[in-house]
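Asks: with the sequence up front, the predicted model follows.
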Amino acid sequence: MPALLLIAHGSRDPRHAATVAALVREVRAQRPALEVATAYLDHCAPRIPQMVGRLADAVAVPLLLNRAFHAKHDIPAALRAAGAGLPVADVLGPSPLLLAALDRRLAAAGLDVRSAAVRAGTGVVLAAAGSSDPAADAATRRVAAEWRRTRGWAAVEVAYASAAGPRVPDALAALRAAGAGRTAVAPYLLAPGRLPDRIAAAAAGADLVADVLGAAPELAALLLERYDRARRAATAVTALSA
């Protein structure tokens, strides 16, 4: 069975690598027989060329929420430069498992997400990094719409920590204007760092602020789902060409 090569962006903030390591432990706990390795695009080690040389067979799984520049260009270019013709799984979003992970983080922050009445009275800011790629931001807005539709939130507004607005305070104001009795901010981000810190600072006016997705078990299950799909697709292609 090919290894799962998790490809993370990397950060100078040590909390990023610690979170990735915790997520890898959760993936291994869910599938103990699977070899799981990590490589980084930037800032952290090991980098992609170092890691692909150590693996006899692998499927690359990007630790990315949206299909933006890193997924479309950086990861394929890094794999080509390393001489690795690995199958590459799809990015994580959108997925019902991401919505479940967002629910988990709001519950951990103190919101009774199981109560339909609580959800109906709560407006949520889905606070994402933001992208210069319009398709990536459109994907985030679709996640927000699906989250509201399936959970019955009073409203879900998207805010961005970088790129163009709206920012978190703008989104909170929109929720209050729409009549939300309670407001919550849910970072749509994978690990701690500069952007999550910026979101937390901007969310001071919210009733509660959730943590980043981090090593949520739903996220680990989603990585395995993406791995399985890419592995099956690669096997099918091999069989057709044999």
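Replies: Yep, it's here.
Asks: leaving out sequence neighbours, find the closest residue to residue 29.
Replies: Among residues not flanking residue 29 along the chain, residue 220 sits closest, at 7.7 Å (C-beta to C-beta, 6 or more residues apart in numbering). To be clear about C-beta, it is placed using only N, CA and C from the backbone, and glycine gets the same treatment.
Asks: then residue 125 would be within a strand, right?
Replies: Yes - when DSSP: H, G, I helix; E, B strand; the rest coil is applied, residue 125 is found to be in a strand.
Asks: and the pLDDT at it?
Replies: pLDDT, residue 125: 98.
Asks: give the contact list for it.
Replies: By C-beta atoms under 8 Å, 6 or more residues apart in numbering, the contact set of residue 125 is 156-159, 168, 171-172, 175, 183-186, 203, 206.
Asks: for residue 26, see how far away it is.
Replies: From residue 125 across to residue 26, the span is 26 Å (C-beta to C-beta, to the nearest Å).
Asks: and if you look at residue 110?
Replies: 23 Å.
Asks: the two: who's more crowded?
Replies: Applying other C-beta atoms under 10 Å to residue 110 and residue 26 shows that residue 26 carries more neighbours, namely 19 against 11.
Asks: Three-state assignment for residue 183, please.
Replies: In terms of secondary structure, residue 183 is strand; the call rests on three-state DSSP.
Asks: bridge partners for it, pull those for me.
Replies: Note on residue 183: beta-bridge partners residue 123, judged by DSSP bridges.
Asks: contacts only, for the residue nearest to the spatial centre of the chain.
Replies: Taking C-alpha atoms, centre = their mean, the centroid of the chain lies closest to residue 65, which sits 3.9 Å from it. By C-beta under 8 Å, 6+ apart, the contact set of residue 65 is 91-93, 98, 128, 140, 188-190.
Asks: circling back to that earlier point, give me the subset of the contacts of residue 125 lying in strands.
Replies: 156-159, 183-186 (DSSP state E).
Asks: just the pLDDT for the nearest residue to residue 74 once chain neighbours are set aside.
Replies: Nearest non-adjacent residue to residue 74, counting by C-beta to C-beta, 6+ apart: residue 41, 5.7 Å away. With respect to pLDDT, residue 41 scores 94.
Asks: where do the strands sit along this structure?
Replies: 3-8, 36-40, 58-62, 122-128, 155-160, 182-188, 208-209.
Asks: and the contacts of the worst-scoring helix or strand of the chain on mean pLDDT?
Replies: The weakest-scoring helix or strand in the chain, judged by mean pLDDT, DSSP states H and E, is helix 69 (a mean of 77). When contacts are defined by C-beta under 8 Å, 6+ apart, helix 69 is touched by residues 131-133.
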